[in-house]
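Undergrad: Task: produce atomic coordinates for the following.
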Amino acid sequence: MFLAEALDFLEAGAPGLIEVNMKKSALFCKNLFCAGLCLSALLLTSCVSVKKLNNLSKVYVTNTKQINLLPPEDIADELDDLMLFKGDFNGLAINLPALVQADSQGIYITLLNDFGTDMGSISYDGFSAQADMAILPSKLKIEYIINDFQNAFYKEEKLRQNLKASKLDFKVLKADEGEDAAGSDSGEIRQVYSGNKLIEEIIINSQGAAIKNLLRGYSFSLYFLQ
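TA: Presented below is the predicted three-dimensional model:
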C-alpha cells in the first residue's frame, strides 16, 4: 500500500519537481555566466592597465628641471642601421658597433663586439626603458641615454615643446659646411639651454650624430657604418 502511494506521488509530482529543478539549474547557469563575464572584464581591464603603466623615471636636464621622455611616434626618421657607438662616460671609453632600430614603436640598440656577439642592449617602448649591459656606468640611468638619443633623432618641434614646458630652451643652428664636429658635410647643431647656460650640444650630419652632455660630463656618438 505504501509503495503504491509512493509511486502515485512520484508519478503525479515528478513533473513539478523536474520543472523546479530545471528552473533552478537555468538560474544557476545564468548567474555563473554573468560571473564569468564580470571576471573576464576584470582581467581584461587589469591587462590593459598593466600595458599602460608608465615605469619611466623623469629626466633631470638640470639639477632642478625635469622632463618626460617623448613617445616613440615623435621620431623624425626611422632608423634600422648598423652604426658605431663611441662614447666617453667620465673616463669610461666605449667603441663598439651597434644595431640601431628606432621607429614609432620604440628605440632598440644592441651593442656588438667584433665577432658580432651581443654585448648588451638598450630598449624603450614609450612605457619603460631598460638596459641589459654592464659596460655603461651603473649610476647612469638609461632614461638619460634615451633622452640624448631623442634630442638627436626626434622631431625638432616636439623637442622644443617638451623642453619649453620645463622652462628650457631648444635651439637649432645650421652648421657651416666642412666646419662641424664630424669634419664632413654640413648639418645642424642642436642645443639645450637653461637660461644662458648650455646644457647639451648635438652635432648632426649625414653620417650620424655626436652628443655632448656638458652638465653630466659625458659624450657619445652614433655614426653609420658603411
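Undergrad: Now do stretch 113-125: distance from first to last residue.
TA: 25 Å (CA to CA, to the nearest Å).
Undergrad: What are the contacting residues of it?
TA: Under the criterion CB atoms under 8 Å, 6 or more residues apart in numbering, residues 69, 72, 96-97, 105-112, 129-136, 142, 145-146 lie in contact with stretch 113-125. The way it works is simple: take the backbone N, C-alpha and C, and place the C-beta from them, glycine included.
Undergrad: what do you get for stretch 157-173?
TA: In contact with stretch 157-173 (CB under 8 Å, 6+ apart) are residues 61-62, 65-68, 70, 74, 150-151, 156, 188-194, 199.
Undergrad: Check which residues of stretch 98-114 are buried.
TA: By 16 or more other CB atoms under 10 Å, the buried positions in stretch 98-114 come out as 98-100, 102, 106-112.
Undergrad: show me the contacts for residue 133.
TA: By CB under 8 Å, 6+ apart, the contact list for residue 133 reads 111, 119-122.
Undergrad: if we go to 6 Å?
TA: Listed by CB atoms under 6 Å, 6 or more residues apart in numbering, the contact set of residue 133 reads residue 120.
Undergrad: Ok, residue 202 next?
TA: 151-152, 190, 209, 211.
Undergrad: in the chain, which helix or strand is least confident?
TA: Least confident helix or strand of the chain, by mean pLDDT, DSSP states H and E, is helix 2-52 with a mean of 47.
Undergrad: Now the element after it, going C-ward?
TA: strand 59-60 (DSSP states H and E).
Undergrad: From residue 109, how far off is the spatially most central residue of the chain?
TA: Residue closest to the mean C-alpha point of the chain, counted by CA atoms, centre = their mean, is residue 125 at 2.3 Å. In this view, residue 125 and residue 109 are 13 Å apart by CB to CB, to the nearest Å.
Undergrad: From the recorded domain assignment, give the ranges for this structure.
TA: 1-53, 59-224 (automatic domain parsing).
Undergrad: out of those, deepest packed?
TA: domain 59-224 (a mean of 16; mean count of other CB atoms under 10 Å).
Undergrad: before we move on, back to that, strands - which of the contacts of residue 202 land there?
TA: Among the contacts of residue 202, the ones falling in strands (DSSP state E) are 190, 209, 211.
Undergrad: Tabulate those (TSV), appending distance to residue 81 and pLDDT.
TA: Shown next, in TSV, are the ones in strands among the contacts of residue 202 (distance: CB to CB, whole Å; pLDDT from 0 to 100):
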residue	distance to residue 81	pLDDT
190	20	97
209	12	97
211	17	98
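Undergrad: got a markdown table for the residues you listed, with distance to residue 163 too?
TA: Below are the ones in strands among the contacts of residue 202 laid out as a markdown table (distance: CB to CB, whole Å):
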| residue | distance to residue 163 |
| --- | --- |
| 190 | 11 |
| 209 | 17 |
| 211 | 15 |
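Undergrad: before we move on, the earlier item: hey, least reliable of the domains of the chain by pLDDT?
TA: Among these, domain 1-53 has the lowest mean pLDDT, at a mean of 47.
Undergrad: and stretch 146-157, how far from the chain's centre?
TA: Distance, stretch centre to chain centre, for stretch 146-157: 14 Å (CA atoms, centre = their mean, to the nearest Å).
Undergrad: Make sure residue 73 is indeed in a helix.
TA: Yes. Applying DSSP: H, G, I helix; E, B strand; the rest coil, one finds residue 73 inside a helix.
Undergrad: okay but it is in contact with residue 103, surely?
TA: No. Here residue 73 does not reach residue 103: they are 8.8 Å apart, not a contact under CB atoms under 6 Å.
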